[in-house]
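*Asks:* Structure here, sequence nowhere to be found:
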């Protein structure tokens with residue numbers, strides 16, 4: 001975001017490097033005076049909203065960005081395309097990157113160097129608005145009045161900020177290596193060029209994830225969310241100290257240095273979690289109330305999610321182990337072949353949620369991670385079986401599972417809602433569909449069907465819905481009923497239809513529910529029963 005871009009300006013200025021042109025969102029374009037100031041500082045604004053001549057605009061933007069590079073200027077843009085509302089790294093967007101690489105492949109420039117830069121800080125500036133957006137509220141529009149009111153934050157302490165640089169990527173060398181490996185020519189073959197750009201975008205995001213510094217607020221938030229009824233200061237310090245060591249063992253850095261004790265980390269974090277965490281004597285408790293829509297839980301989950309990429313693959317494996325139950329996972333041991341089957345399912349289910357430089361594409365990938373978990377005391381490998389280490393392994397397993405249980409709950413809730421749709425199809429606008437799934441999720445939380453309010457996050461609901469579209473559980477089709485009123489001619493009516501049988505969907509729902517912490521989901525006959533209890537089955541038609 002633009003506030004992070006300010007850091008780059010300072011770095012360029014301090015080291016006497018030519019300041020870059022910055023691709024910025026159109027949010028600031030409508031702010032009087034400010035947009036002129038930003039333009040003078042090198043920013044140019046990319047429109048995302050509908051416009052009268054979209055093709056003409058795209059051509060002008062394309063030529064403008066390439067002109068910057070041809071004139072040998074620096075170009076700064078944000079590979080994720082937008083700010084993460086959930087704290088997780090986002091998948092790369094390829095618009096600006098494609099335009100920039102086209103300048104090289106079309107031989108307008110001799111080479112292009114890409115320098116990944118990661119910027120993160122202890123206290124998120126947008127802490128008041130991000131949780132509200134995840135609850136379905138519209139993004140607060142930037143305005144001159146709002147910026148003037150925000151001047152008070154200049155007197156606030158936002159903690160440490162870390163700027164880390166990755167390894168520069170020469171597109172010329174990258175393309176040569178690509179050609180040698182794939183025997184394809186991105187200079188002539190458009191499809192090959194597109195594949196190369198996608199791989200390059202992934203490489204950039206992977207470098208960013210590897211360079212991220214884990215802040216004190218992320219570690220403390222992760223522990224607090226495991227103890228929502230409160231935790232003593234002594235236990236909090238002990239658990240945070242353990243977590244810091246686990247992070248360092250995985251090659252990541254923690255803010256303030258890898259030698260900071262748990263006490264130092266907790267003290268630093270509590271300076272920035274005021275209002276979110278209450279302290280009663282020596283016990284820290286989360287401060288939340290239904291009256292504020294549990295905004296504080298979502299903010300804490302934001303901080304926790306900033307470090308989740310470090311543990312995500314291990315979390316998937318541990319959650320799959322736990323799904324086999326006490327008898328098998330703790331005593332008999334899980335067959336590696338069976339574990340691999342469950343890991344594949346869970347990895348496929350959550351693939352849109354996380355970006356990481358590692359993968360779980362093969363059973364050998366899983367075995368390497370299982371061996372690492374054995375070194376960390378989580379599991380024991382016995383020939384072709386794996387079981388939880390009785391000497392402290394349950395604590396490691398519990399932490400890793402807690403990181404992804406909220407996401408699994410959300411996916412279960414989403415398939416439960418989709419299951420409730422009538423076979424003949426429901427007419428939905430996409431936004432209205434998300435709102436109804438979120439309403440269903442919140443009602444399930446209030447009825448204590450699920451444990452974690454962050455499972456109601458709009459961000460996760462969207463990913464779950466996209467996954468089930470890819471799995472062809474449902475499909476979105478053009479409406480062929482001419483009698484339905486088309487309220488918005490620019491957005492044609494769409495119909496959401498179930499594409500699988502009830503038995504097939506029930507089988508997937510039951511498979512997902514195996515990985516949940518809460519056993520309630522496993523006790524109901526089907527997600528349809530849950531949907532009926534919440535009166536979702538008789539939803540009226542909603543027109544786009």
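*Replies:* Yes, it's here. As the structure is a computational prediction, the values presented were derived from the model and not from experiment. Numbering: from 1, shown residues only.
*Asks:* Give me the helices and strands touching the one helix or strand residue 511 maps to, please.
*Replies:* Secondary structure from DSSP states H and E places residue 511 in helix 502-513. With contacts defined as 3 or more Cβ pairs under 8 Å, 6 or more residues apart in numbering; DSSP states H and E, the packing partners of helix 502-513 are helix 393-419, helix 520-523, helix 527-533. C-betas here are computed from N, CA, C, even on glycine.
*Asks:* Compute the inter-axis angle for that helix and helix 393-419.
*Replies:* Taking axes from the mean of the first three to the mean of the last three Cα atoms, to 10 degrees, one finds helix 502-513 and helix 393-419 inclined to each other by 150 degrees.
*Asks:* which parts of helix 502-513 are buried?
*Replies:* For helix 502-513, the buried set under the neighbour-count rule, 16 or more other Cβ atoms under 10 Å, comprises 505, 506, 508, 509, 511, 512, 513.
*Asks:* what's the most distant pair in these?
*Replies:* The largest separation in those, counting by Cβ to Cβ, is between 505 and 513 at 12.4 Å.
*Asks:* Quickly, which of the helices and strands packed on helix 502-513 bottoms out on average pLDDT?
*Replies:* Among these, helix 520-523 has the lowest mean pLDDT, at a mean of 42.
*Asks:* so for the host helix or strand of residue 348, what's the average pLDDT?
*Replies:* Secondary structure assignment for residue 348, by DSSP H and E: helix 336-349. Helix 336-349 carries an average pLDDT of 96.
*Asks:* Against which helices or strands is it packed?
*Replies:* helix 308-322, helix 363-375, strand 385-388, helix 393-419.
*Asks:* Make JSON lines from the ones you listed and add distance to residue 114 to it.
*Replies:* Listed next are these as JSON lines, based on distance: least, Cβ to Cβ, whole Å:
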{"stretch": "helix 308-322", "distance to residue 114": "20"}
{"stretch": "helix 363-375", "distance to residue 114": "27"}
{"stretch": "strand 385-388", "distance to residue 114": "40"}
{"stretch": "helix 393-419", "distance to residue 114": "31"}
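*Asks:* Tell me which of these sits nearest to residue 201.
*Replies:* For residue 201, the closest of those is helix 308-322, at 16.1 Å, according to Cβ to Cβ.
*Asks:* for the stretch 101-250 of the chain, what spans make up the helices?
*Replies:* Secondary structure of the stretch 101-250 of the chain (DSSP state H, counting those that start in this stretch): helices at 130-134, 144-149, 171-182, 190-211, 216-224, 233-249.
*Asks:* what's the most buried one of the ones you listed?
*Replies:* Counting by mean count of other Cβ atoms under 10 Å, helix 216-224 has the highest mean neighbour count of the helices of the stretch 101-250 of the chain, with a mean of 27.
*Asks:* That one packs against which elements?
*Replies:* Judged by 3+ Cβ pairs under 8 Å, 6+ apart, helix 216-224 is in contact with helix 233-249, helix 262-270, helix 295-305, helix 393-419.
*Asks:* the inter-axis angle of the shortest one versus helix 233-249?
*Replies:* Angular relation of helix 262-270 and helix 233-249 on a 0 to 180 degree scale: 100 degrees, by the same axes, to 10 degrees.
*Asks:* I'd like to know which helix or strand in this protein has the lowest mean pLDDT.
*Replies:* When each helix and strand of the chain is scored by mean pLDDT, DSSP states H and E, helix 520-523 comes last, with a mean of 42.
*Asks:* where does the stretch 401-544 of the chain have low pLDDT?
*Replies:* Scanning the stretch 401-544 of the chain for pLDDT under 70 picks out the ranges 422-428, 478-494, 518-544.
*Asks:* Ok, the stretch 51-200 of the chain next?
*Replies:* Residue ranges of the stretch 51-200 of the chain with pLDDT under 70: 51-53, 126-144, 146, 149-154.
*Asks:* would you list every one of the strands in it?
*Replies:* For the stretch 51-200 of the chain, the strands defined by DSSP state E, counting those that start in this stretch occupy 75-76, 113-114, 117-121, 161-165, 169-170.
*Asks:* so what's residue 392 closest to, chain neighbours aside?
*Replies:* Using Cβ to Cβ, 6 or more residues apart in numbering and skipping residues adjacent in sequence, the residue nearest residue 392 is residue 377, 5.5 Å away.
*Asks:* That neighbour: what's it in contact with?
*Replies:* With contact set as Cβ atoms under 8 Å, 6 or more residues apart in numbering, residue 377 has these partners: 389, 391, 392, 393, 396.
*Asks:* OK, contacts around the second one?
*Replies:* If a contact means Cβ under 8 Å, 6+ apart, then residue 391 has residue 377 as its contacts.
*Asks:* Is it correct that it falls within a helix?
*Replies:* No. Under the criterion used here (DSSP: H, G, I helix; E, B strand; the rest coil), residue 391 is coil, not part of a helix.
*Asks:* quick one: secondary structure of residue 24?
*Replies:* strand.
*Asks:* burial count for the closest residue to residue 159 other than its chain neighbours?
*Replies:* In space, and not counting its chain neighbours, residue 159 is closest to residue 122: 2.9 Å by Cβ to Cβ, 6+ apart. When counting by other Cβ atoms under 10 Å, one arrives at 23 neighbours for residue 122.
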